[in-house]
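**Student:** Quick one, structure for this:
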Amino acid sequence: MWLAELRLRNFRNYEAVDLALDQGVLLLIGSNAQGKSNLLEAVYTAALGRSPRVTRDVELIRFGQDRAHIRAGVQGERQQVLEVAFDRATGERRLKVNGVVVDRGQLLGRLMVVLAGPLDDEVIRGAPEYRRRVMDAALSQVSPSYFFALTRYTRVVRQRNRLLRAAADGAALAPWDEQLVDLGAVVIERRREFVARLGARAAARHARLAGGEERLQIAYVCAVGEGGDRAALARALAARRQDELRRGASLVGPHRDDLRLTVNGVDLRAYGSRGQHHTAALSLRLAEVDLLKEERGEWPVVLFDDVLAHLDAARQALLVREIAGPQVLLTHTERPALGAAPMRVLRVRTGRIVEESGVSA
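**Tutor:** Just a heads-up that it's a prediction; the model follows:
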């Protein structure tokens, strides 16, 4: 699976781009605020149907324009064309596969991607929602059943919150409680199994990146305790009912869960250095690449946005050797010294892309 063609119209700072892509490593270089990250965002958006950076689609439309459009041509066992379009006036987001309008669940998994970059600072140090997104994005790409369970669960929580704010009685809440328990148990089970496998692979990646001096551990933290099954969720709901009514919000379920990352047993979020945060984030993303490959039997497209900036030359070369797969897109402000790594180089300047000579040293 790899991206053979990317076409952008009025996306972010790009007026019009038609880019033919190859397998291997593609390096996008240029000064800050020229559009390098926007290009990777476009690939991610084509693959997952939404941006990793904003919640309001209108922010993706070029200033002064009414619509934006992304078209991605995917090569693999079969050729596919993925399209995502945004309309400023209507607020509509339209997804298509091979010219047919689809919903997001039908788009996911047709082009698997893993994105690493500045947003991972929030994954390591930020609120739990950022760490939940890592689990949900990866699992949704490999498992349609997980995506649909998560989507239904999210709708149940929203409806239940409306009832709680209206001080609904137990009879009104009962059917929504039952759905929260059933769907929540499915989400927790899938996440816990995923994190166990992710953690083992992240530890191995981290040992190589950190020179074997530190041990990274990743654990799933379930808000209702070790079980997280239907019975545990039901008991927790009953115990928190008055708190939920008082606060007008659902306080029980996987939407409250988290990941705990430690290095040598020390909580990374509270006590880790910037260097440890960066290495842990890279290890997490490389493990995600490994796991998606194992689940689907094909590599995701790897999108690494400005991850070389915090590494010295030796660790830059090591990271590039660690990245596996048929296609890797890297951004950096200048050409790094990466030993004998062959790659195609494109320069990005104010929303325009210019081919440069390849680099192998």
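**Student:** and the spatially closest residue to residue 102 that is not a sequence neighbour, what does it touch?
**Tutor:** Of all residues not flanking residue 102 in the chain, residue 95 sits nearest, at 5.3 Å (C-beta to C-beta, 6 or more residues apart in numbering). C-betas here are computed from N, CA, C, even on glycine. Residues near residue 95 by C-beta atoms under 8 Å, 6 or more residues apart in numbering: 49, 82-84, 101-104, 106-107.
**Student:** which of these lies closest to residue 348?
**Tutor:** residue 84 (20.7 Å; C-beta to C-beta).
**Student:** got a list of what the closest one touches?
**Tutor:** 45-46, 49, 69-70, 93-96.
**Student:** Now do residue 142 against residue 194, distance only.
**Tutor:** Separation of residue 142 from residue 194 (C-beta to C-beta, to the nearest Å) stands at 9 Å.
**Student:** Residue 101 too?
**Tutor:** In terms of C-beta to C-beta, residue 101 sits 30 Å off from residue 194.
**Student:** coming back round to it: could I have the strand or helix carrying the residue nearest to residue 102 exported to PDB, CA atoms only?
**Tutor:** Per DSSP states H and E, residue 95 falls inside strand 93-97. What follows is strand 93-97, C-alpha atoms only, in PDB (Å, rounded to 0.1, in the frame of the first residue of the first chain):
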ATOM      1  CA  ARG A  93     -17.400  17.300   4.400                       C
ATOM      2  CA  ARG A  94     -17.800  14.800   1.500                       C
ATOM      3  CA  LEU A  95     -15.900  11.600   1.200                       C
ATOM      4  CA  LYS A  96     -15.600   9.500  -1.900                       C
ATOM      5  CA  VAL A  97     -13.900   6.200  -2.900                       C
END
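**Student:** tell me the mean pLDDT over it?
**Tutor:** In this model, strand 93-97 carries a mean pLDDT of 98.
**Student:** quick one: strands adjacent to it?
**Tutor:** strand 80-87 (antiparallel), strand 100-102 (antiparallel) (DSSP bridges).
**Student:** Determine which stretch of those is the most buried.
**Tutor:** Most buried of these by mean neighbour count (mean count of other C-beta atoms under 10 Å) is strand 80-87; its value is a mean of 20.
**Student:** Output it as CSV, nothing but the C-alphas.
**Tutor:** Taking Å, rounded to 0.1, in the frame of the first residue of the first chain, the C-alpha atoms of strand 80-87 are listed here in CSV:
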residue,chain,number,x,y,z
GLN,A,80,-8.2,3.2,-5.4
VAL,A,81,-8.9,6.9,-5.5
LEU,A,82,-9.8,8.6,-2.2
GLU,A,83,-11.3,12.1,-2.1
VAL,A,84,-12.2,14.5,0.6
ALA,A,85,-13.9,17.8,-0.1
PHE,A,86,-14.9,20.7,2.2
ASP,A,87,-17.5,23.4,1.6
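**Student:** Can you list the buried residues in the strand holding residue 95?
**Tutor:** Of all the residues in strand 93-97, those buried under the rule 16 or more other C-beta atoms under 10 Å are 93, 95-96.
**Student:** Compute the distance between residue 164 and residue 94, please.
**Tutor:** Distance from residue 164 to residue 94, by C-beta to C-beta: 34 Å.
**Student:** Tell me which helix or strand residue 317 sits in.
**Tutor:** Counting by DSSP H and E, residue 317 is part of helix 313-322.
**Student:** Doesn't residue 68 lie inside a strand?
**Tutor:** Yes - applying DSSP: H, G, I helix; E, B strand; the rest coil, one finds residue 68 inside a strand.
**Student:** Tell me which other helices or strands whichever helix or strand residue 199 is part of touches.
**Tutor:** Using DSSP H and E, residue 199 sits within helix 170-209. Contacts defined by 3 or more C-beta pairs under 8 Å, 6 or more residues apart in numbering; DSSP states H and E place helix 170-209 against helix 128-142, helix 144-165, strand 216-221, helix 230-247, helix 274-296, helix 313-322.
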